[in-house]
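Peer 1: Build the 3D model from these lines:
(chains A and B)
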Amino acid sequence: MNIFNQTHNVITQINKSLAADGLIPEGGDLSKMVVELPRDLSHGDLSTNVAMVTSKQAAMKPRDLAQLYADRLASESFIDAVEIAGPGFININLADGVWQNQLVAIQEAGTDYGKSAIGAGQNVNVEFVSANPTGPLHAAHARGAIFGDSLAHLLEFAGFDVTREYYINDAGTQVDVLARSSYLRYLEAFGETIEIPAGFYPGDYLKDVGQALKEAFGDSLKAQSEEAYLPVVRDFAIEQIMAGIKADLVRLGVSMDIYSSERALTTSGKVDEALGHLKGQNLVYRGVLEPPKGQLPDDWEEREQLLFKATEFGDDVDRPLQKSDGTWTYFASDIAYHYDKWQRTNGVMIDVWGADHGGYVKRMKAAVQATSGQNNQLDVKLCQLVSLLDNGQPVKMSKRAGTFVTLSDVMDAVGADVMRFIMLTRRNDQTLEFDYAKVTEKSRENPVFYVQYAHARARSVFRQDEAIHEFADADLSLLRDDLEVRLIKQLVSWPSLIEAAAKMHEPHRIAFYLMDLAAAFHGLWNGGRDNPDLKFIQNDKADVTKARMYLVNCVSTVISSGLKLLSINAAEEM
RNA sequence: GCGCUCGUAGCUCAGCUGGAUAGAGCACUAGACUACGAAUCUAGGGGUCGGGAGUUCGAAUCUUCCCGAGCGCGCCA
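Peer 2: Numbers count the residues shown, from 1 in each chain, chains lettered A, B, ... in the order given. Here you go, the predicted structure:
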C-alpha cells in the first residue's frame, strides 16, 4: 500500500461517510478522481481533484464540496494540513516522516517494488516482430521487437499473464518467390552463373541458403521441375531464415512463447471456420467495390468479389476476402489468425506493427469485433520509422539492391543494451533518429549511459566503507533536505508509473522515468559538492549516514528494477 | 480525392489517457573539481503548444474545419 493508494482509499471512505451523513448524494462516481504529485511544490505533497470531478453529481460548487472533504481529511493522522486552492483542488501536506517511511516498501520489496496487481492474472497476447521469413531482420524490425518485448515485460510486472507471439507469413506468393530465389543460389553453389530476374530476392544472404541446400540435398534437386522442387526448397529456406531470425532475437534478449504459422492456419481449415462464423452473421457477400477516388490504378477493372462488411464496424469500405484465382487474400487469413488467436488468448490482443501498415488497422479491428462479438479486444500499436545515422550522416541502404542494415549489424556496432534503451527514448508513434556515434558516447547526451552511470555511482558509495552496508535500522526521518525529499517522491512514484504505462501500453515511459530519476540522483550527488553536509557519508554522524545509505540503496534498487524491465543490465561499475 | 499517424522553445523530444504559472536535454550565457566517480551539477534567457471555432469550472490533451509533414489506399504480405 503506497501513499497514493492510501490517500485514494481514504478519500473514497470520506465520500461514503459524507453520503451517509446526507451531505452529498449516494453512489457517487469516483472513477475520474486522482491523487497525484503536484508539479508545483507550493501545492503541497499530494493533490486531488475529487471535488471538481464530483461537483456536478453533488450539485455543489467545487470549492464548497472540497471543504467537506478537506475537513475530514485533516483529521487523518498521516496528514498534517489540507488546503483548498484554485478552482477546487485539495492540496495535502503530509505529516513529518510519511514520505521517508515510504522507502521501507522499496527496501523490503527490492526489485519487485512497483509490481502491480492491476492485471489480476488476465491474459494478454502481444504479437510483435512477425517479419516475413524472406530475409534477415533489419534495423527497422528492432524497434518493434524491443517495443513489444518491453511491453510484454511491463504487462507481466503489472500482473497480466502475457503470451509473446510471432506470426510467420509462410503462405502466399512471396515465399514462392523466396523458393525460386533460393533455388538460383542453389544452382550458383554448383558453380553455375546465374542472373537474378526482377522481382526475385537479390540479397546475398540467400547464398548461405543455396549452400545449405547443396549440402542437404546434393545435386538431387537440379533435375527437378519447379513444381517438384518448389515446396521442398520453400520449406527449407523458410526454416533456414527463421533460424537466423530467432538467433537475432535471442541476441537482442527477446524470446517468443509461440511462433504461429499462416500456412498451418490455412491448411487446417481455420480460414473456412472463421469466415463461416462471419457468414453466419450475414457479414459476407458478393459485390463490386467502388474504385478509389482520385488517381485510378492503371489496371483497374470492375469486378465482383467476396467481401467482408467491414463498414458495419467503422471501416471506410468493405474488404475483399478472395483473390480471382480463388485463394484467400492476406486479409482473410489474418481474420482467421486473429480469430484463432483470440480463442486461444481469451483476453486482449495487442499487435505491434510498422507504421506503413496503419491503413490496415480499421479493418482488422472490424474483423476482430465481428468474430469476437466484443469491442476493444484488439489494440494495435504502430511503430514509426527509425532513421539510422552515423555522426549525423544517413547510413545508406537500398532495399531494391537487397542491401540493408541488418539488426545484427547494428548490434555489432552498439550492443544490445544500447539498442534496447534508445529504441524506447521516443514514443512509439514518433519517428526516431538512431545515431551510432551519439548512442555510444559516454556523456549526458547519451541517455543509456546517463542512467547506467547513476546506478554505478550509487553502487560506488557502498565501496567506500564496509560499515555502511548496515543500514536496515536507519532513522529515515533524518532525510529532510529538499533534494532528498524530492528524490524520495520520485522513487515512490514508480508503482504509479508502472500502472499508467501498463494501462496505456506505453513502455517508453519506463525509459523516461529512469532518465528523470537519474537526473534527480545526480542532482543530489552534486548537492553534496556544493554543501558538504549533504554528502552521503558523514564521518561524525553515523545515524545520518545510515539513513542516506538507505536512500542510495533504494535509488539503485529502483533503477535496476526499471532496467530489468527493459532487459538491460545495471552495471556496478563503468 | 479518402483514410491513418503526427505538428509543443533555435534543434531533438516529454507532458502521467481534461487539471493549477506547458517541462527536460542540446545549443547560448554565467558559475561549481585539495571533494562519496566533474563521464556530473547549479543558475539564466528562450513558447500565440501549426491556425481558427466549439465542448466546460478548466483544453497541448476531446470535437470540427483549414494549413503543413510522413505513411497507406480492390486479388502484395
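
Peer 1: what sits against the nearest residue to residue A:103 once chain neighbours are set aside?
Peer 2: Nearest residue to residue A:103, sequence neighbours excluded (C-beta to C-beta, 6 or more residues apart in numbering): residue A:554, at 5.2 Å. Backbone N, C-alpha and C define where each C-beta goes, glycine included. By C-beta atoms under 8 Å, 6 or more residues apart in numbering, the contact list for residue A:554 reads A:103, A:106, A:107, A:491.

Peer 1: Residue A:339 too?
Peer 2: Counting by C-beta under 8 Å, 6+ apart, residue A:339 has contacts A:270, A:273, A:274, A:277, A:367, A:368, A:371, A:372.

Peer 1: Pretty sure residue A:34 sits against residue A:48.
Peer 2: Yes: using C-beta atoms under 8 Å, residue A:34 is in contact with residue A:48, at 6.7 Å.

Peer 1: Next one: the spatially most distant residue from the centre of chain A relative to residue A:178, how far apart?
Peer 2: Farthest-out residue of chain A from its mean C-alpha position, per C-alpha atoms, centre = their mean: residue A:223, at 49.6 Å. Applying C-beta to C-beta, to the nearest Å, the value for residue A:223 to residue A:178 is 21 Å.

Peer 1: picking that back up, how much space between the residue farthest from the centre of chain A and RNA strand B?
Peer 2: Here the criterion is C-beta to the nearest atom of the strand, to the nearest Å. By it, residue A:223 lies 29 Å from RNA strand B.

Peer 1: So for that residue, what pLDDT did the model give?
Peer 2: With respect to pLDDT, residue A:223 scores 92.

Peer 1: how about it, secondary structure?
Peer 2: Here residue A:223 is coil, with the state taken from DSSP: H, G, I helix; E, B strand; the rest coil.

Peer 1: Looking at residue A:34 and residue A:48, which one has more neighbours?
Peer 2: Shown here are residue A:34 and residue A:48; by other C-beta atoms under 10 Å, residue A:48 has more neighbours (24 against 13).

Peer 1: Show me the beta-bridge partners of that one.
Peer 2: residue A:35, residue A:90 (DSSP bridges).

Peer 1: which residues sit in contact with it?
Peer 2: Each residue near residue A:48 by C-beta under 8 Å, 6+ apart is listed here: A:7, A:11, A:33, A:34, A:35, A:36, A:69, A:89, A:90, A:92.

Peer 1: let's see 10 Å
Peer 2: Residues counted as contacts of residue A:48 (C-beta atoms under 10 Å, 6 or more residues apart in numbering) are A:7-8, A:11, A:33-36, A:38, A:66, A:69, A:73, A:82, A:88-92.

Peer 1: Kindly provide the distance from it to residue A:23.
Peer 2: Counting by C-beta to C-beta, the gap from residue A:48 to residue A:23 is 18 Å.

Peer 1: Ok, residue A:521 next?
Peer 2: 45 Å.

Peer 1: cool, and residue A:267?
Peer 2: Distance from residue A:267 to residue A:23, counting by C-beta to C-beta: 67 Å.

Peer 1: Kindly report the same for residue A:139.
Peer 2: 61 Å.

Peer 1: what about the strands in the stretch 101-250 of chain A?
Peer 2: Using DSSP state E, counting those that start in this stretch, the strands of the stretch 101-250 of chain A run over A:123-127, A:161-168.

Peer 1: Quick one: work out the angle between the last one and strand A:123-127.
Peer 2: Angle between the axes of strand A:161-168 and strand A:123-127 is 30 degrees (criterion: axes from the mean of the first three to the mean of the last three C-alpha atoms, to 10 degrees).

Peer 1: Point out the residues in the stretch 151-300 of chain A that sit beside RNA strand B.
Peer 2: Residues of the stretch 151-300 of chain A lying close to RNA strand B by C-beta under 7 Å from any atom of the strand are A:169, A:171-174, A:262, A:288-289, A:292-295, A:297, A:299-300.

Peer 1: Who wins on neighbours among those residues?
Peer 2: Of all those, the highest neighbour tally under other C-beta under 10 Å goes to residue A:262, namely 24 neighbours.

Peer 1: give the contact list for it.
Peer 2: Counting by C-beta under 10 Å, 6+ apart, residue A:262 has contacts A:130, A:133, A:167-172, A:175, A:270-271, A:328, A:330, A:333-334, A:336-337.

Peer 1: let's see it at 7 Å
Peer 2: Residues near residue A:262 by C-beta atoms under 7 Å, 6 or more residues apart in numbering: A:167, A:168, A:169, A:170, A:171, A:333, A:337.
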